[in-house]
Structure formats: structure tokens, C-alpha cells
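In: kindly return the folded structure for what I paste below:
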Amino acid sequence: MNRSLPPERRAELLVQRMTLDEKISQIHMMDVRDHPREVVGVPRLGIPPFKVTNGPLGAGPGDSGRPEPATALPAALALAASWDPALAHEFGEVAGKEVADRGEDVIEGPGLNIARVPQNGRNFEYFGEDPFLAGRMGTAEVQAIQRQGVIAEVKHFTANNQENHRKTINEVIDERTLREIYLPAFEAAVKDGDAEAVMAAYPSVNGEFCSENTHLLKDILRDEWGFKGFVQSDYTGTTNGMLAAQAGLDLAMKPDHYSDEIKTAIANGRVPESAVDAMVARRFTVMFRFGMFDHVRTPKTIPAAEDGAIARAIAEQGAVLLKNNGNTLPLDARAIRSIAVIGSYAGAAMTGGGGSSQVRPLYTVTPVDGLKRHLAANVIVTYNNGTNVAAAAAAAKSADVALVMVGDKDSEGHDRRNLSLPNNQDALVSAVAAANPRTIVILKTGGAVLMPWLEAVPAVLEVWYPGEEDGNVVADLLFGDANPSGKLPVTFPRAEDEVPAATPEQYPGVNGNAVYSEKLLVGYRWYDVKNVTPLFPFGYGLSYTTFAVNQLSVSRFSERTGVTVTFNVVNTGPRTGAEVVQVYVVAPPDAGEPPKQLKGFAKVKLNPGEKQRVTVRLDRRAFSIWDTGAGHWVLAPGQHQILVGTSSRDLPLRATVLIPRARRRDAQ
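Out: Sure, this is the predicted structure:
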């Protein structure tokens, strides 16, 4: 308890004082109803209970019989759609502070897996299909969480890209694809975000369960990236205690394989007691670093209104305006006498998907209530849940405007059957649009969906799972109190089979193996190679104003600073708004890379007529590839193209930069 000693030394001294049984009690959670995600304390030695709660959409319930409420933040995919690391920081501040306010120590989040297939039931928990975007957003969130004195536990390490057969599937991924697509977001969170905890995923990667995967947990995470924190399993993610201990899994969520099984293995000489010492010491070091032995947490009341306002702002900036023919939006509240509000997703706030990430909200705002706050008292607002399509169409026909709120409720534990809206909602939209030409569709989805009715409606707004402030968020956007500035973090396909992983061997897998034969061609990369036009491309999103980008300038490459990309952004329209300008790099043909890849972006808020000169810096990694033979990153020499614009399919500014042949190994 000598605070002048470094955390590592304090942990070492503590472990030396512990009995074997006490040490084993510290490598697994209790898994009982009232303490489901809690490691027992050891009062004799001043070891406090260690409390873990769910993420990554805010302070989760902990799966206890008495789930604690918190702010239901927007889905992580909505946060990703903001393309704003500053908002990710605000998101992390709220989540981390509320975990601390409840007296807990760890939040299981953010989720950093890549949206490989749009059917994945947990895509809403992650940051989309691009590793660079996911890494930037995840790093900002991790830093903010940990500044609240709470440990951020990034998950699910790694390639947890489907829920179907998630506990048994073996994902066959070549090393270059693993390094360039599925690991970079985790690497950024560890190296740049200093994440202190990592959750191992359920699946196997190349024949070894992630919780027992020495290549992932030891070779890459600890030895290459220098990770100094602790690794935890997913809930039932340990299958063999001895293999998990050898690979470096420090904490199991259940005692099944990390209690008597480990004690027997030590007695039989199959696991040295020193391995358990190291497991315990790694977590204790983090706890000492965060002051958890020195300060008892005092639960506080969560500031519901203050944190709810932040949740509202994040959701509004993550909304993506997909279509707006004839400037249908924003609506003029003064010119409306009647509105038909239609669909099951208009009846209650959509606070999140299903499964362990679902936050018990402190309060909710329904869409109807949110709309009424923007309208005069004499405006007629009619709600129809849409279960009777004919009745819904009749309600729409007599209204000035029809708002159809449709969506899905993706969930942990299973994937979508297909990419269509469930429960006959496509027919509902078509019928309402036929009845009222001024039909606006508000999507509340956990990812990409098909839109067979798209040509029949003038406006479509994607708000994802907006959280507890749903009603205010939707109304603010529809009436122009907020200007949509989100961009798609995932590609929306035109058809079910126009996706990168379209064969059974790729997804959901055959004979227990999912083969990642698309390799680097994930998301927009595949659409570019195949010359397939998606319904809406990655990075796409409209605004109530217009923007222009011009005057691109690109510096020469520097070994120390990389490349500096500079350009102007101009608000050429009538409203204040924000634009996300994206920078893509095209590697030389012999590098074997996809046609282009996102390597930088900036979100810029401008008043009408305002111009801003913006700088985006591209580091060495932006021009590097993973050399499997050499076992490290290498610069790809030759002419690289720099493309700048406002979506992956709208890149009007172009320049080239020469990358010389590398003279040293990439330090990254």
C-alpha cells in the first residue's frame, strides 16, 4: 500500500503475500445473480471487489437481477457515422463517468470489430467497415473513458464478425488480411489510446480459439504492440483453462475452467504457479495505476439531463441524410396542419439493439412527443403503428406529411436472415408512399438494409439506434433545428447477393469454417474492384446546405512526418452545416492493395459562405503494407495517388506523391 512505489512493484509485492486459493479467486468472476461480473475481494490483503459492466453503448446493466439505469447513448455505428473523434471523446466521457458514478471499475467497450458482413447481428455495436475510421473513433473513446478513472476494455479481439455459430466457428484469415483489416483498430486503441484491457472473442482464428490463441494474445498483443494491461474472456469464452493460461488470458468471466481446473493443472505440473502470478499481477498493476486500491468509489447520482443532452447531440450528428429530392427536408412547422406518424418504430424510443449492450435508460422520449414539441398545439398528429397497412395508408392520405419510421432490432446471439426490413415494413412504406407523395422515411437500423421503395419517396433519413433521446433527435433533424452531417460508415448494397462475402464458404461458413477468401476486399474495397454500384456508398451523406472542396496541395513524403494534405472546404449553401472531407490513398499496382483506402478525414463546421483551409496528415502507415514474409510493415515504394472528396465515390481532388524505397523497418 506504499503509494510511492510503481504500480508494477506494488502488484508484485501483493501477489507474493497471497495464497494459491486467493490467487485463483482473482482469475475468474463470481458469476452469481447479484454479482455476475465481479471478482471477489480479499479483505485480508485490502483487495477490493473488482466490478465489470457491459458496454459498448453506455453503462450496461451488468446482467444482474437489479440492472442499474444509465444514459442510453446512440449505437456505436451512429457514433461512427458522425466521423468525429471529438464526439467519440464525449461519448466515452459520458459512458466512463456513469460507470464510475455507479461504483464500477471496467466497461466492456468500445467494440472494434469490422463490419465484414451486413447480416452481423452486432454491427450496431461497432464502428463500421473501415479499420482506419474504427481506429480513430475507438481510440478517442478509450482515452475519454479512462480519463474518468474507469478501465476501457476493447472487444472482441479479434475478427468477431458474425453471431451465427460465434462460439464454434473457425475463421480462416491470411496474415496480411488480419493485419491490414481486422487488427488495426485494436492496434490503434492499444498503442494510441493506451487501452488497459482487452476482451478475447469467442471464435477461433486459424484453428485456435481467441482466448487460447498465443499468436494473437502473446505474439501480437503483448510482444509486438507492447500491451501492458490484462486480457479477459467473453462470457463463456474459455474452453480449456490450461491453453488459455499458456496463451495469456488473465481473467475469465466464469469459474468453469479457471478455478478447480487450474488448481489441478498446477498440482499436476501442467501449469506453473508463476503463470497465475503473472495473470493476477497484470490486472493488479492496472488497478494500482487507476488508484483502485487507494480510493474507494463513492456512488453518485447520474446527471440525467446533462448526459441526455450529450446523447441527443451525438445522435443528431450521426444521422445520415440519404435522399432529399426537391428539398423536402427540413419541414416548415408553420406550414403543416396535419402529420401522420406511422410505423412501430414511431411508437417508442429506439434505445439500442438486443443483447448484453442494451442499456436500461434513465428516461426516453418517444417520436410522437418529440414531434409535438416542434409543432403548434392545433396541428393534428395521428399515430398508426403500421400493423394494418391499409389503415396506415388511409391515415397517410389525409395528412399534409407522412412520416414512416421503420427499422430493425439487431441483436447479439444471432444474425439477420436477410437485408430486408422485417415484419412487412417494405410493403408498409410502399403503401404509404402511394397514398401520400410527401412521404418521408426515417430508418432506425443496426446497419445496411435494402430499399425496394426508394424511388417512390422523396426523402430518407437514417438515424440508426438513436438512444433514449430518439424523439427529440428525429424532430430536430426533420424540422431543421439540427442539420444532418453524418456519413455512412458502411456500404448499403442494392441487392442481397451484391456483397463481398456472398458464398456459404465465406459466410456463414461450411463445416465449421468461414473462409475469408475476399481477403482485403471488405466493404467499399470490394465494390471498387468489382465495379459494382452500391445503393449508397461508404462515406456518403447529404446536408441541408451544400459544400465545395478545392485547391488541393500535397507535400513531399517525409520519413518523420509522412505527407501533409491541405485543401479548402467552402459552405456554398444557405445554412450552417458540417462536411466530412475524406482522404483516400491509391497504392501502386504492384503493391497488391485494393483500389483505394481511407487514410484520413476531417469534419468541418461552416457558416454559409464560409471557407476554411484544412490540413490532414498521413503517416507512414498510410503508405505501408504488411509483408508476411518479413513479418512487419513496409513502405510500398512508387507513385501513390491522393484522392480527396466527400464520399468514397465522390473524390474530385487528386494528386500524387512519390514514396521512396524504404531504408529502415517501419517503427509502427
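In: now do the helices in the stretch 101-250 of the chain.
Out: 131-146, 175-177, 184-191, 214, 241-247 (DSSP state H, counting those that start in this stretch).
In: and the first one, what's buried?
Out: Spelled out, that is helix 131-146. For helix 131-146, the neighbour count (16 or more other Cβ atoms under 10 Å) marks 131-146 as buried. C-beta: built from backbone N, CA, C; applies to glycine.
In: out of these, flag the one nearest to residue 52.
Out: residue 145 (13.1 Å; Cβ to Cβ).
In: check contacts around the closest one.
Out: 92-93, 95-96, 99, 107, 109, 151-152 (Cβ atoms under 8 Å, 6 or more residues apart in numbering).
In: what of residue 443?
Out: Contacts of residue 443 by Cβ under 8 Å, 6+ apart are 322, 406-407, 449, 460-464.
In: at 6 Å instead, please
Out: Contacts for residue 443 (Cβ atoms under 6 Å, 6 or more residues apart in numbering) come out as residue 462.
In: in three-state terms, label residue 654 for me.
Out: The assignment at residue 654 comes out as strand when based on DSSP: H, G, I helix; E, B strand; the rest coil.
In: how much space between it and residue 552?
Out: As judged by Cβ to Cβ, to the nearest Å, residue 654 and residue 552 stand 7 Å apart.
In: then residue 569?
Out: Applying Cβ to Cβ to residue 569 and residue 552 gives a distance of 11 Å.
In: so which bits of stretch 414-426 are buried?
Out: Applying 16+ other Cβ under 10 Å to stretch 414-426 flags 414-416, 419-421, 425-426 as buried.
In: just to revisit the earlier point, of all the helices of the stretch 101-250 of the chain, which one is nearest residue 647?
Out: Using Cβ to Cβ, the nearest of these to residue 647 is helix 131-146, at 12.9 Å.
In: what average pLDDT does the closest one get?
Out: The average pLDDT for helix 131-146 rounds to 98.
In: run through the residues that contact residue 370.
Out: So residue 370 contacts 471-472, 474-475 (Cβ under 6 Å, 6+ apart).
In: for those residues, which one is nearest residue 125?
Out: residue 474 (21.6 Å).
In: quick check: closest non-adjacent residue to the closest one.
Out: residue 367 (5.4 Å; Cβ to Cβ, 6 or more residues apart in numbering).
In: what about that neighbour, distance to residue 242?
Out: Taken as Cβ to Cβ, the span from residue 367 to residue 242 is 53 Å.
In: so for the two, which sits in the more crowded spot?
Out: Remark: of residue 367 and residue 242, residue 367 carries more neighbours, 29 against 18, as counted by other Cβ atoms under 10 Å.
In: and the pLDDT for the more buried one?
Out: 97.
In: I'd like the distance between it and residue 136.
Out: According to Cβ to Cβ, residue 367 and residue 136 sit 31 Å apart.
In: check residue 252 too.
Out: From residue 252 to residue 136 the distance is 31 Å (Cβ to Cβ).
In: again with residue 311
Out: Applying Cβ to Cβ to residue 311 and residue 136 gives a distance of 21 Å.
In: and for residue 382?
Out: Taking Cβ to Cβ, one finds residue 382 at 43 Å from residue 136.
In: tell me how the protein divides into domains.
Out: Using automatic domain parsing, the domain parsing of the chain gives 7-289, 545-659.
In: which non-adjacent residue is nearest residue 477?
Out: Per Cβ to Cβ, 6+ apart, closest to residue 477 is residue 319, 5.4 Å.
In: burial of that neighbour, as a residue count?
Out: By other Cβ under 10 Å, neighbour count at residue 319 equals 28.
In: check the one 5 residues further on too.
Out: Residue 324 has 18 neighbours, counted by other Cβ under 10 Å.
In: contacts only, for the residue nearest to it when sequence neighbours are not counted.
Out: Spatially, and ignoring its direct neighbours in sequence, residue 324 is nearest to residue 459 (5.0 Å; Cβ to Cβ, 6+ apart). Shown in contact with residue 459 (Cβ under 6 Å, 6+ apart): 323-324, 328-329, 440.
In: rerun that using 7 Å as the cut-off
Out: The contact partners of residue 459, taken as Cβ atoms under 7 Å, 6 or more residues apart in numbering, are 323-325, 328-329, 440.
In: can you pull the phi/psi pair for it?
Out: phi -150, psi 140 (degrees, to the nearest 10).
In: check the gap between it and residue 408 for me.
Out: Distance from residue 459 to residue 408, by Cβ to Cβ: 20 Å.
In: residue 413 is in contact with residue 355, isn't it?
Out: Yes. Assessed by Cβ atoms under 7 Å, residue 413 is found in contact with residue 355 at 6.0 Å.
In: between those two, which one's more packed in?
Out: Between residue 413 and residue 355, counted using other Cβ under 10 Å, residue 355 has the larger neighbour count: 18 against 12.
In: spatially nearest residue to the more buried one (excluding sequence neighbours)?
Out: Nearest non-adjacent residue to residue 355 (Cβ to Cβ, 6+ apart): residue 412, at 2.6 Å.
In: in this structure residue 221 contacts residue 227, no?
Out: Yes. At 4.7 Å, residue 221 and residue 227 qualify as touching, with contact defined as Cβ under 7 Å.
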